[in-house]
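**Student:** everything below, folded, please.
(chains A and B)
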Amino acid sequence: AQSVTQPDIHITVSEGASLELRCNYSYGATPYLFWYVQSPGQGLQLLLKYFSGDTLVQGIKGFEAEFKRSQSSFNLRKPSVHWSDAAEYFCAVRGFQKLVFGTGTRLLVSP
Amino acid sequence: GAVVSQHPSWVICKSGTSVKIECRSLDFQATTMFWYRQFPKQSLMLMATSNEGSKATYEQGVEKDKFLINHASLTLSTLTVTSAHPEDSSFYICSAGGEGDQPQHFGDGTRLSIL
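**Tutor:** Below you'll find the predicted structure:
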């Protein structure tokens, strides 16, 4: 069965600093991978997705993620964090149409 | 981009009543929709997969008679929490899509509080 691990429960980054959120997945075939962001009390917004092709994926709001099959990872990055990026971030893998989510990483942005 | 509308966004009701939550795909047709439950500071837990014109598929441990799902059209799925009790209080989120190379798109969620 597929699974997703987000090892960091929360991360604090200074505004303007770079960000990397870790995601490791377990899936037998070529995975469909996603990063979603959730602001408090709201639904999830898709940041980016990987299905195939170029392993470096560009998303919205300046985010990117790199798929590394050898490491079973799909880490999310942003070169310069803005205060509005503070939110909960979920990595997910799709198997048989269902999404399996990681436990999420809460991003805090300090002034 | 694709939009999924969920209504109501917040509902408070007395114990024992039934509550219906609607999920609509506004600009695309969705043969499949999904219902999730999210506890505070936790991840999303898939409750059931809603299939247009057929019965929903429930995840293990989810009470079918408690959480009634209807997917009568390609743009609307409803979740009814029957005889709701305080332990049913939670954040419920629906999504639609996710077929082929399309991602799932999520509604804004419904905060359900049972008194």
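
**Student:** residues from chain B in reach of chain A?
**Tutor:** Residues of chain B found near chain A (CB under 8 Å from any CB of the partner chain) are B:1, B:4, B:6, B:32, B:34, B:41-44, B:46, B:49, B:91, B:93, B:95, B:98-99, B:101, B:103-109, B:111. Every residue, glycine included, has its C-beta placed from N, CA and C.

**Student:** any of those buried? List them.
**Tutor:** Listed as buried from the residues of chain B next to chain A are B:4, B:6, B:32, B:34, B:43-44, B:46, B:49, B:91, B:93, B:95, B:98, B:103-109; burial here means 16 or more other CB atoms under 10 Å in any protein chain shown.

**Student:** sort out for me which of those residues are in strands.
**Tutor:** The strands, defined by DSSP state E, take in B:4, B:6, B:32, B:34, B:44, B:46, B:49, B:91, B:93, B:95, B:104-106 from these.

**Student:** can I get the residues you listed in a markdown table with distance to residue B:24?
**Tutor:** Conversion of these to a markdown table gives the following (distance: CB to CB, whole Å):
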| residue | distance to residue B:24 |
| --- | --- |
| B:4 | 7 |
| B:6 | 8 |
| B:32 | 14 |
| B:34 | 14 |
| B:44 | 19 |
| B:46 | 20 |
| B:49 | 17 |
| B:91 | 18 |
| B:93 | 14 |
| B:95 | 12 |
| B:104 | 15 |
| B:105 | 11 |
| B:106 | 13 |
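
**Student:** quick check, nearest of those residues to chain A?
**Tutor:** residue B:106 (4.1 Å; CB to the nearest CB).

**Student:** any low-confidence regions in chain B?
**Tutor:** Flagging of chain B using pLDDT under 70 yields the residue ranges B:1-2.

**Student:** just give me the neighbour total for the residue lying closest to residue B:31 once chain neighbours are set aside.
**Tutor:** Closest residue in space to residue B:31, ignoring its immediate chain neighbours: residue B:52 at 4.8 Å, by CB to CB, 6 or more residues apart in numbering or on different chains. Neighbourhood size, residue B:52 [other CB atoms under 10 Å in any protein chain shown]: 16.

**Student:** pretty sure residue B:52 sits against residue B:70.
**Tutor:** No - using CB atoms under 8 Å, residue B:52 is not in contact with residue B:70, being 10.1 Å away.

**Student:** what's the farthest-apart pair in the ones in strands among the buried ones among the residues of chain B next to chain A?
**Tutor:** B:32 and B:91 (21.3 Å; CB to CB).
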